[in-house]
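> sequence first, predicted model second:
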Amino acid sequence: MIKVQDLHYSYGRKPVFSGLSLDLQPGHIYGLLGKNGTGKSTLLRVISGLLFAQRGEVNVLGFNPVKRDPRFLRQVFMVPEEFYLPNTGIESYLLANAGFYPDFNRSQFDAYLKEFTIPAGQSLQEMSYGQKKKFLVSFGLACNTPVLLMDEPTNGLDIMSKSQFRKVMAGAVSDNKCILISTHQVKDLENLIDRITIIDEGNILFDQTVGNISSKLHFKISFDSDEVRSAIYRENSLKGSAVILINEAGEEGGLDLEMLYKAIVTNKDAVQSAFK
């Protein structure tokens, strides 16, 4: 559905990507993780056709995003981190924009607004930043595009809104839809995404499904000094040590995305050795 091969992109003399490749399939929510400035937003803009690759190939739904083909544009929606909404009401916004997306579903849109507790008669400019973000997420989901790109969608959301976001997104997954969410707030997506891609300095450090991670790595709190020493990653906690171990016994357990991210950034080779 989305195939990126040997992507090169730079801002002036500052390279962002030098040979990045990625293959994304429908039926998944992908988490694109990384610290600020690693190229997450740039990658989303290249996929959506807002930025043009300087070298390499990008294929989305059989289209080259650079050509901005209307048949391509109506199948891709992006929720950017920074956005502008006009000084108008919700109905006027829908009248001006919904027609560009042939699968837009008004009933779904109204249900999302209700879930996010956004009054239907409110002007967009009267909304807080968090409300605007939830409105845009609602519109993007209701467009029912096969490709949905989200750049830091939980920025500006309070604790309850983040919970609502996860609930709404979990219900939006379908076999013919590919959702790519970029964030540096890894905890917000912990129970939502089913494949994790971590980029740093324009390179992919890690790319695995959640199921594969859980089968290869074991996350736990340990009080055993030998176990702590043998961990591929460890950090002190109020109760014992939080560790990541090679899951040699095939134990079932949860996933701590924040710990995994820190482990990959600080000790990539040790983590990768578990998947060889």
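Here it is on my side, so go on. Numbers count the residues shown, from 1 in each chain.

> helix or strand right after the helix or strand where residue 22 lies?
Element membership for residue 22, per DSSP states H and E: strand 14-24. Going down the chain from strand 14-24, the next helix or strand is strand 28-33, by DSSP H and E.

> neighbouring contacts of the helix or strand just after that following strand?
Proceeding N to C from strand 28-33, the next assigned helix or strand is helix 40-48, under DSSP H and E. Contact with helix 40-48 is made by 2, 4, 7, 9, 16-17, 20, 22, 32-34, 51-53, 58, 60, 65, 76, 78, 80-81, 147, 149, 151-152, 180, 182-184, 199, as judged by CB atoms under 8 Å, 6 or more residues apart in numbering. (C-beta placed from N, C-alpha, C; glycine too.)

> quick one, which of these are buried?
2, 4, 7, 9, 16-17, 20, 22, 32-34, 51, 53, 58, 60, 65, 76, 78, 80-81, 147, 149, 151-152, 180, 182-184, 199 (16 or more other CB atoms under 10 Å).

> sorry, back to before: which ones among the contacts of helix 40-48 are found in strands?
Among these, the members found in strands (DSSP state E) are 2, 4, 7, 9, 16-17, 20, 22, 32-33, 58, 60, 76, 78, 147, 149, 151, 180, 182-183, 199.

> mind listing what's buried in the longest helix along the chain?
Secondary structure assigned by DSSP state H gives helix 257-273 as the longest helix of the chain. Neighbour counts using 16+ other CB under 10 Å place 257, 259, 260, 261, 263, 264, 265, 271 of helix 257-273 among the buried residues.

> correct me, but the fifth one touches residue 232?
Yes - taking contacts as CB atoms under 8 Å, residue 263 lies within contact range of residue 232: 6.4 Å.

> quickly list what's touching both of these two.
244, 270, 271.

> then the first one would be within a helix, right?
The one in question is residue 244. No - counting by DSSP: H, G, I helix; E, B strand; the rest coil, one finds residue 244 to be strand, located in no helix.

> so who does it touch?
217, 218, 219, 231, 232, 233, 234, 256, 259, 260, 263, 271.

> how about the host helix or strand of the second one: buried residues?
Applying DSSP H and E as the criterion places residue 218 in strand 217-222. By neighbour count, with 16+ other CB under 10 Å as the criterion, the buried positions of strand 217-222 are 217, 218, 219, 220, 222.

> done for today, thanks.
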